[in-house]
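A.B. asks: take this sequence and fold it.
(chains A and B)
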Amino acid sequence: MMTNQEKQILLDVKHLKKYFQVGKKQTLKAVDDVSIQIYKGETLGLVGESGCGKSTFGRTILHLYEPTEGSVTFDGITVDHSLDRKQAHELSRRMQMIFQDPYASLNPRRKIMDIVGEGMDAHGLAKNRKDKEDQVVNLLETVGLQAEHADRFPHEFSGGQRQRVGIARALAVNPDFIVCDEPISALDVSIQAQVVNLLEELQEERGLTYLFIAHDLSMVKHISDRIGVMYLGCLMELADSEELFENPMHPYTKALLSAIPIPDPEIEKSRKRIMLEGSLPSPINLKNECKFASRCPNCKESCMQRQPELKEVSPGHFVACSCIE
Amino acid sequence: MRNEAIEDSLFVKVKVKAEEKEHIAAPASGMIADAWLRLRKNKAAVVALFILIAIILLAVFAPVFSKYSFSDTDYGSVFAQPNADHIFGADQFGRDMWVRIWMGTRISLMIAAVAAVLDLVVGVLYGAVSALLGGRVDAVMQRIIEVLVGIPHLIIVILFLMAFPAGVGTIIAALSITGWVNMARLVRAEILKLKSQEFVMASQVLGSSKFYIIMKDLIPNTVGVIVINVMFTIPNAIFTEAFLSFIGIGLAEPQASLGVLINGGYQVLQNYPHVLIFPAVVIVLIMVCFSVLGDGLRDAMDPQMRK
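C.D. replies: Residues are numbered from 1 along each chain as shown, chains lettered A, B, ... in the order given. Modelled structure (predicted):
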């Protein structure tokens, strides 16, 4: 674990909001005022149920979506329209993404050589055709594939192999920061471990920083240094991963963690699940109350006033709940 | 039990090399080679392809190498039955049906080619621009298409033929007004679908230019839809021309098109059926073959259909 002094902020997200207009009067608040800092070399896990805005958050950071409000600062450079083209292009090299669906994220009409080499072409990282081919083969070997695979089409690969091609594509431009958008949720369990181990090895070798978006809690615990819990577009709790699992404070986090099965039948029998009342409310046109108020077991009147802000309750442990002081 | 004789020590662990684990047995192949491989397995499509090639060759060369011309009359052989001289017989003016049929096929194929080019150029461009620009431009372009679709196709074509002199040019012009609409809609839908795919997003994240994304990500993935739609547009255009000629507002005598020939044969059907049968068989062959080949191509070009 790094100490506070060593931590160097790589990515600073401030009050990021991404609203989608649904029809004329309705607004879908996919990401609603999220502030988070990601330190160099760490893995920040982001968990939450489907539709809570995890993926939208990751995509907005990379400017795949135009943020409605708020700012993203990467390594001291604020990403917005004031950047000139060259700077924006260079930023796009340093921030990469690994996608969720290995079947949809590779162009079915292009060979692996072209898919992995695309970033090199876009940023002029290869001197000539031969150099590009060598680099691609190197990358393929780094992710456990072989030189002969470069002439293949994506449909000839298995899901795990495709995901590794996706990783090689992201690595091709030597990024500093990679958003992993549920990179393992579409894979078999045995292949999941393979891909996660590969990601960890690469992080060690290349000093990468990850934003690891997932909904598999035990996998997130394994790979992350810190974990953020999202609910309906808001960050509810943020803490070191050990701390979060041992001492969850937010009622939503508690409920989430209680849902993890324990691989021991004796303990599993006595495991108590906190069942949340009701279902996830629609993120369209939410009222001004705490987002979790409708399902919170200890909802008070003060919770109906506004969404509480993230507060640091112990060093490095942030919670957004008005019941916790 | 016999099984008890098998001891654990008899089992040897098979060592699989790391390379072999990731090995892909099938040979690497490109998109066109792959499509051709799968098309070849489809017997009907291959037969259709060869029949079409034969028809095209006959349409090009048969009139050139015949001693008759499509408009030469010979009153000695009026309604001649098929024989060594007149392979398909002769019509009411003693004109050789063999030459007339292949001349008619030429016109049908020419109209088919124009319809295909129109589809490819206007339809694909219109659809792609509409989908890529989106927003207001897309809305206006789609309304224009809806207006064109709203007016019955045949009414436009018939009005057009009334207003202008009959001939191949007029028929082609009439077909061009609405012929590309279907293609434009299909291409638009396909590109809209592709636009939000993760691999397009990946190209954006990698910092690829818009031009690159259009040329490498979007268009190659619509080729299947485009080819297949062209294959279904062609018989439609041929049929429209034949229909117009049949009801008498298409090509005029002595020019021959399959529709004109069928119209002539239909009037003497009871006495001289061969004058109807031969052109009818040719047009049926053309239409069925294009449809079967189109079906085969759809299966062959779709990567999801791979077995």
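
A.B. asks: what does the stretch 101-250 of chain A put close to chain B?
C.D. replies: A:101, A:104-110, A:114, A:118-119, A:121-123, A:144-146, A:148-149, A:151-153, A:155-157, A:161, A:166, A:169, A:173 (Cβ under 8 Å from any Cβ of the partner chain). From N, CA and C alone the C-beta is placed, and that goes for glycine too.

A.B. asks: so of the residues you listed, which ones are in helices?
C.D. replies: A:114, A:118, A:119, A:121, A:122, A:123, A:161, A:166, A:169 (DSSP state H).

A.B. asks: identify, from those residues, the entry nearest to residue A:188.
C.D. replies: residue A:161 (12.0 Å; Cβ to Cβ).

A.B. asks: for the nearest residue to residue B:149 once chain neighbours are set aside, phi and psi?
C.D. replies: Residue nearest to residue B:149 in three dimensions, not counting chain neighbours: residue B:181, with 5.9 Å by Cβ to Cβ, 6 or more residues apart in numbering or on different chains. Backbone torsions for residue B:181, taken as degrees, to the nearest 10, come to phi -60, psi -50.

A.B. asks: what strand or helix carries whichever residue of the stretch 201-325 of chain A sits closest to chain B?
C.D. replies: In the stretch 201-325 of chain A, the residue that lies nearest chain B is residue A:211 (13.2 Å; Cβ to the nearest Cβ). For residue A:211, the enclosing helix or strand under DSSP states H and E is strand A:209-213.

A.B. asks: what about that strand, distance to the chain center?
C.D. replies: 5 Å (Cα atoms, centre = their mean, to the nearest Å).

A.B. asks: check the ones in helices among the residues of the stretch 101-250 of chain A next to chain B against residue A:43 and report the nearest one.
C.D. replies: Using Cβ to Cβ, those come closest to residue A:43 at residue A:166, 17.7 Å.

A.B. asks: any idea of the pLDDT on that closest one?
C.D. replies: You'll see residue A:166 listed with a pLDDT of 92.

A.B. asks: give the contact list for it.
C.D. replies: Applying Cβ atoms under 8 Å, 6 or more residues apart in numbering or on different chains, one finds that residue A:166 lies in contact with A:98, A:99, A:102, A:105, A:106, A:183, B:202.

A.B. asks: which one of those sits in the busiest neighbourhood?
C.D. replies: Counting neighbours by other Cβ atoms under 10 Å in any protein chain shown, residue A:183 comes out on top of these with 29 neighbours.

A.B. asks: you'd agree it is in a strand?
C.D. replies: No. Assignment of residue A:183 by DSSP: H, G, I helix; E, B strand; the rest coil gives coil, placing it outside any strand.

A.B. asks: list the beta-bridge partners for the closest residue to it other than its chain neighbours.
C.D. replies: Nearest non-adjacent residue to residue A:183, counting by Cβ to Cβ, 6+ apart: residue A:98, 4.6 Å away. Beta-bridge pairing for residue A:98 (DSSP bridges): residue A:180.

A.B. asks: in contact with residue A:98, which residues?
C.D. replies: Contacts of residue A:98 (Cβ under 8 Å, 6+ apart): A:163, A:166, A:167, A:170, A:178, A:179, A:180, A:181, A:183.

A.B. asks: next: residue A:115.
C.D. replies: With Cβ under 8 Å, 6+ apart, residue A:115 has these contacts: A:106, A:107, A:154, A:165, A:169.
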